[in-house]
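Student: here is my input; please provide its structure:
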Amino acid sequence: MGMGRLSGERRAFAAALLAMYGFLYLLVTLQAPDGWAAAFGALAGIYGAGFLGVVAGYFWARWFVIGLGLSGFMTGVISMFQIGDIEPTMLFYAGTHIAVSGLLWGNGMAKAFDGKAEWRKRFHLDENATNRLGKSVIRVGVSLPYVVLFALAPREGAALALLGGAGVVAGAFAMSKMRSWAIVSMAMGTVAMLISAASSPSLIPYKSNLAVNLDFLALGAIGFTMAALAPFASPVWNALTRD
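Tutor: Numbers count the residues shown, from 1 in each chain. Here you go, the predicted model:
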């Protein structure tokens with residue numbers, strides 16, 4: 001039996017993992033230390049959006065969830081590197097996230113999402129435009145967990161980071177609706193986060209014996225959001241310089 005014939009099962013397993021992490025982050029939200037509830041609530045919302053997109057078969061969902069899985073995998077691997085040991089919880093976290101990406105990878109899975117011809121006709125997209133959009137949405141999926149954690153981490157003077165995060169999230173939503181202002185919103189949000197990162201502390205306390213590295217969050221948030229904008233750089237430039 002080919003993997004293409006298991007597309008329904010793969011989709012179901014991916015949705016189950018997304019639902020699990022959405023529920024886990026919701027539980028963490030209810031027990032989060034002072035000031036952290038909003039950040040973990042936002043993470044629960046991101047996984048909830050991925051779950052809804054996969055179940056509903058939205059055209060952007062496969063790309064977005066692949067990026068979300070890659071984001072979690074990188075976070076798990078980097079965390080184990082920082083700990084200096086293969087910690088079972090982080091190993092499970094990294095493994096299940098890369099599994100989500102793998103379950104939705106491939107042309108067979110694309111047929112249920114971005115491979116549908118209807119949405120391409122609706123938005124008048126050729127193959128090149130579709131590939132460009134796909135690369136961008138995957139990178140948005142990678143960036144959003146870092147964006148919300150950086151923007152919502154409790155600290156003084158976080159207004160600019162919050163504004164930047166809101167711009168990126170709004171832009172990601174607009175991209176899912178194929179709105180042209182998505183690029184402007186994400187670009188402005190990235191600039192705001194960059195300015196905020198320059199004046200933010202490196203570490204902020206999470207618990208008495210644990211601190212969160214804001215530099216790492218800023219690097220992920222800003223770097224991957226800029227990467228998400230990169231596929232549109234040439235078309236935007238051509239549009240601006242067109243006679």
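Student: and residue 149, how many neighbours?
Tutor: Neighbour count for residue 149, taken as other CB atoms under 10 Å: 23. Bear in mind the C-beta positions are built from the backbone N, C-alpha and C, glycine included.
Student: might one say that it is in contact with residue 36?
Tutor: No - judged on CB atoms under 8 Å, residue 149 makes no contact with residue 36 at a distance of 9.4 Å.
Student: got a list of what the residue nearest to the spatial centre of the chain touches?
Tutor: With distances taken as CA atoms, centre = their mean, the residue of the chain nearest its centroid is residue 141 (2.5 Å). By CB atoms under 8 Å, 6 or more residues apart in numbering, residue 141 lies in contact with 50, 63, 64, 65, 66, 67, 68, 69, 70, 71.
Student: which ones among these lie within strands?
Tutor: Using DSSP state E, no member of the contacts of residue 141 falls within strands.
Student: got those as TSV, with distance to residue 203 and neighbour count columns?
Tutor: TSV is the format used below for these (distance: CB to CB, whole Å; neighbours: other CB atoms under 10 Å):
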residue	distance to residue 203	neighbour count
50	29	29
63	33	25
64	30	28
65	31	28
66	31	24
67	27	26
68	26	27
69	27	28
70	25	19
71	21	23
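Student: quick revisit: pLDDT wise, what is the residue nearest to the centre of the chain at?
Tutor: For residue 141, the pLDDT comes out at 97.
Student: using the three-state scheme, assign it.
Tutor: Applying DSSP: H, G, I helix; E, B strand; the rest coil to residue 141 yields a three-state assignment of helix.
Student: nearest residue to it in space, please, no chain neighbours.
Tutor: Distances taken as CB to CB, 6 or more residues apart in numbering place residue 67 nearest to residue 141, at 2.3 Å, with adjacent residues excluded.
Student: go through the contacts of residue 141 and flag which are in helices.
Tutor: Among the contacts of residue 141, the ones falling in helices (DSSP state H) are 50, 63, 64, 65, 66, 67, 68, 69, 70, 71.
Student: for these, which one is nearest residue 171?
Tutor: Closest approach between those and residue 171, by CB to CB: residue 64, at 13.3 Å.
Student: could you give the mean pLDDT of whichever helix or strand residue 118 is part of?
Tutor: Taking DSSP states H and E as the criterion, residue 118 maps to helix 117-123. Average pLDDT, helix 117-123: 88.
Student: same check on stretch 97-114?
Tutor: Mean pLDDT, stretch 97-114: 93.
Student: ok so, going back, could you dump the ones in helices among the contacts of residue 141 to CSV with pLDDT and distance to residue 214?
Tutor: CSV is the format used below for the ones in helices among the contacts of residue 141 (pLDDT from 0 to 100; distance: CB to CB, whole Å):
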residue, pLDDT, distance to residue 214
50, 97, 25
63, 97, 28
64, 97, 25
65, 97, 26
66, 98, 27
67, 97, 22
68, 97, 21
69, 97, 24
70, 97, 21
71, 97, 17
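Student: show me what stretch 226-241 is in contact with.
Tutor: Stretch 226-241 is contacted by residues 132-133, 135-137, 139-140, 142-143, 183, 186-187, 190 when judged by CB under 8 Å, 6+ apart.
Student: if we use 6 Å, what do you get?
Tutor: Residues from elsewhere that reach stretch 226-241 (CB atoms under 6 Å, 6 or more residues apart in numbering): 132, 135, 136, 139, 140, 183, 186, 187, 190.
Student: where does the protein have low pLDDT?
Tutor: 1-5, 243 (pLDDT under 70).
Student: 50 instead, please
Tutor: Per-residue confidence for the chain (pLDDT under 50) gives these ranges: 1-3.
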